[in-house]
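Peer 1: sequence first, predicted model second:
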There are 2 protein chains.
Amino acid sequence: MKRTERACIITQLLSEHPNRDFSLGYFAEKLGCAKSSISEDLKLVRSAVDAAGLGYVETTSGSKGGVRFVPYITKEESVAGLEKMKAMLEDPSRNVGGDYIYTTDLLFDPEIGQSCAMQFAKHFAASEADIVVTIETRGIGVAMLTARLLNIPLVVIRREARVSEGSTISINYYSGSSDRIQKMSLSKRAIKPGSKAIIIDDFMRNGGTLKGIEDMLGEFDTKVVGFGAVIVVEGNKGKKIGNFFPIIMLTDTEDGYRVAVNPDII
Amino acid sequence: MKRTERACIITQLLSEHPNRDFSLGYFAEKLGCAKSSISEDLKLVRSAVDAAGLGYVETTSGSKGGVRFVPYITKEESVAGLEKMKAMLEDPSRNVGGDYIYTTDLLFDPEIGQSCAMQFAKHFAASEADIVVTIETRGIGVAMLTARLLNIPLVVIRREARVSEGSTISINYYSGSSDRIQKMSLSKRAIKPGSKAIIIDDFMRNGGTLKGIEDMLGEFDTKVVGFGAVIVVEGNKGKKIGNFFPIIMLTDTEDGYRVAVNPDII
C-alpha cells in the first residue's frame, strides 16, 4: 500500500470517529506496516486536516500514545450553513400562531443539525464533559450529533417515566412558556454520580426548563459545565449561566421576531 | 498543495458528508487546482476508501458530474460493535422487571448508535427513500444518525401534538405491549405527499406501533419502503412487512431472553 493510500485511510478513520483515541499500533496492524511509517503518514494527515479547516489531529499521551481527531469549524466554513438556517427561520410562513415558529424540520435536517452540532462540539471541546444531556423531544437530534462529535454518551430526560427505565427520579418545575407546572423524569441508572454535563436544548425562552434540568442533574451529583441552545429568545435568564452558547438569537419586535446568528460564530 | 494532501482533504470532506453530491469544480476551487488534477486525486481516494471497507466513492452523472461518498460496512468491521452490544444486552442487571430490558443508554451511546446507523444506511442504501421516520423517543438518536448517513431528513412522530407543530394529523392505534389505545400526532407540514419513507424504531414487540406509523404515513400519501428496528422480539408480525431489517433479535425462553445478532449482518 502506498503512502497516499494509507494517509487517506487514516484520515477517513479519524474523521469518522471524532474524539476517539487511536494508537499507532492500531493503524500499523490495520495497514500492515511499521509504526514508524504510520508516524510519517500522520504528518501528512495532520497538515491536510489543518488545511481543510474542519478539525485537527491531536497527539494523545499515555502508555499507548496515539492520536485523535478533534472536530473544528472555521468562521468561513460556518457562514453558509448558519445563514441558510437564519433565512429559513425568517420565512413568515413558519409562524404557526402566537409566538410560535415551526422549527421541527430544521432541527431534524441532517445538514443543519450537523452544522449546529459542529458549533457545539467546537465550543465545548475543552469542557471535559462526560455526558451530553437533553430533554425530549426536539433537541434530541442535534444533541445526538453533538454527542457523536464529542464521543460521549447522550442522556435524554423524559417527560413521563416509562416502565423500561426502571426506578426513576422525577422533578416538577415551572415552565414559563407554557405557564404551568411540568414534570421530568430520569432513570436512576442514567448518570454516574460525579459526572460533568453539557446541556443541549433546541429552544430557550425563559430558562424554566433549563432550571429544572439543573435541579435534576443535582440529584445525580452532576455538575453542568456548559449549556448550548439552538434557538434562544434574547433577554432571558439563561445568560446567567456560565458557558452559555446559543446559535440563533431571536429578538421580539412589533412585527414578530428578528433573527440573528450568534455574532461570536460568524 | 501536494497530491497526497489534496487526496486526504477530499477523503475527509466526502466522509464527513455522506451521500452529498460534490462537483469536481467544488474541489478544484477549494483546493486551487484544475479539475483534471482532481480527477487524478479521486482515483487515489477511491482506492483508499475501497481498501478501508467503510464506504465507496460513487460517480454522479448529470450536467455537473461529480462524486458522492456512500457509507458501507463490511461484515468484519460489523462484528466488534454488534458483539459488544449483544454482550451488554445479555447482562442480567439490565432486566428491570416484567419483560423489560433497560436499553436507553445503548441507544444513545454514540459508538453503538453509529454502528446501528451504519447497518441501516448500508441495508437501505438502494431504497430511494426521501425521509427517515421514527416515533419519539428512544429511537430518535439512531434514526438521526441514519438520516445523516443517508443525507435525508428525519421526521419524528410525537405522542401528543404541540402548539409549535401547527395543524397536526392524529391517529389512535392499539399498542399490544402496553395493552391500550395510544395516540400519535404529526404536523401537516412534516411530510411532502408522495414521499418514500424508511421507518427506524428502537424496539418492536408486536408491530402495533409500526402499523400505526404506516397508517399515519398513509395520511400523507407516503409509501413505506423499508423498516429497521434496533431490537426485535422474534415471532412478531413485523416480518410480514417487506424489507424488514432488525439488528438484534430477542427470543423468549424460560430463563428470560436469548440475544442474537441478525445472522445476515455478521
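Peer 2: The structure has been received and is ready for your questions.
Peer 1: which residues does the nearest residue to A:A129 once chain neighbours are set aside bridge with?
Peer 2: With CB to CB, 6 or more residues apart in numbering or on different chains as the criterion, A:A129 has its nearest non-adjacent residue at 4.4 Å, and that residue is A:I198. In short, each C-beta sits where N, CA and C put it, glycine included. As for beta bridges, A:I198 partners with A:V132, A:G226 under DSSP bridges.
Peer 1: so what's A:I198 up against?
Peer 2: Shown in contact with A:I198 (CB atoms under 8 Å, 6 or more residues apart in numbering or on different chains): A:120, A:124, A:127, A:129, A:131-133, A:146, A:150, A:224-228.
Peer 1: for A:T134, same thing?
Peer 2: Listed by CB under 8 Å, 6+ apart, the contact set of A:T134 reads A:I140, A:A143, A:L154, A:V155, A:V156, A:I157, A:I199, A:I200, A:D201.
Peer 1: near chain B too, which of these?
Peer 2: By CB under 8 Å from any CB of the partner chain, the members of those lying near chain B are A:I140, A:L154, A:V155, A:V156.
Peer 1: the third one and A:R189 touch, don't they?
Peer 2: No - counting by CB atoms under 8 Å, A:V155 stays clear of A:R189, with 10.3 Å between them.
Peer 1: what about the two, which has more around it?
Peer 2: Neighbour count, other CB atoms under 10 Å in any protein chain shown: between A:V155 and A:R189, A:V155 has more, with 27 against 16.
Peer 1: ok, residues contacting the helix or strand harbouring that one?
Peer 2: Using DSSP states H and E, A:V155 maps to strand A:154-157. Applying CB under 8 Å, 6+ apart, the external contacts of strand A:154-157 come out as A:131-136, A:140, A:143-144, A:146-147, A:184-186, A:190-191, A:197, A:213, A:216, B:104, B:108-110, B:137-138, B:141.
Peer 1: cool, stretch A:80-95 as well?
Peer 2: With contact meaning CB under 8 Å, 6+ apart, stretch A:80-95 is reached by A:101-103, A:106, A:111-112, A:115-116, A:119, A:231, A:247-248, A:250, A:256-257, A:259-261, A:265-266.
Peer 1: which among those residues end up buried?
Peer 2: Buried subset of those (neighbour count, 16 or more other CB atoms under 10 Å in any protein chain shown): A:101-103, A:106, A:112, A:115-116, A:119, A:231, A:247-248, A:250, A:257, A:259, A:261, A:265-266.
Peer 1: nearest residue to A:H123 other than its sequence neighbours?
Peer 2: Closest residue to A:H123 apart from its sequence neighbours, by CB to CB, 6+ apart: A:F245 at 4.8 Å.
Peer 1: surely the one you found is in a strand?
Peer 2: Yes - assigned with DSSP: H, G, I helix; E, B strand; the rest coil, A:F245 falls within a strand.
Peer 1: and it, what does it touch?
Peer 2: With contact taken as CB under 8 Å, 6+ apart, A:F245 is in contact with A:Q119, A:F120, A:H123, A:F124, A:G226, A:F227, A:G228, A:A229, A:N262.
Peer 1: restricted to buried residues, select the contacts of strand A:154-157 in ChimeraX.
Peer 2: The ChimeraX selection below is limited to those of these classed as buried (16+ other CB under 10 Å):
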select /A:131,132,133,134,135,136,140,143,144,146,147,184,185,186,190,191,197,213,216 /B:104,108,109,110,137,138,141
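Peer 1: so which of the contacts of strand A:154-157 belong to helices?
Peer 2: Judged by DSSP state H, the contacts of strand A:154-157 include A:I140, A:A143, A:M144, A:T146, A:A147, A:I213, A:M216, B:T104, B:P110, B:G141 as members of helices.
Peer 1: my guess is the third one meets B:F108, correct?
Peer 2: In other words, A:M144. Yes - counting by CB under 8 Å, A:M144 does reach B:F108; the two are 6.8 Å apart.
Peer 1: which neighbours do those two share?
Peer 2: Jointly contacting A:M144 and B:F108 under the rule CB under 8 Å, 6+ apart are A:L154, B:G141.
Peer 1: next one: the residue nearest to A:K188 when sequence neighbours are not counted from A:G218, what distance?
Peer 2: In this structure, A:K188 finds its nearest non-sequential neighbour in A:S167, 4.7 Å apart by CB to CB, 6+ apart. The gap separating A:S167 from A:G218 is 18 Å, by CB to CB, to the nearest Å.
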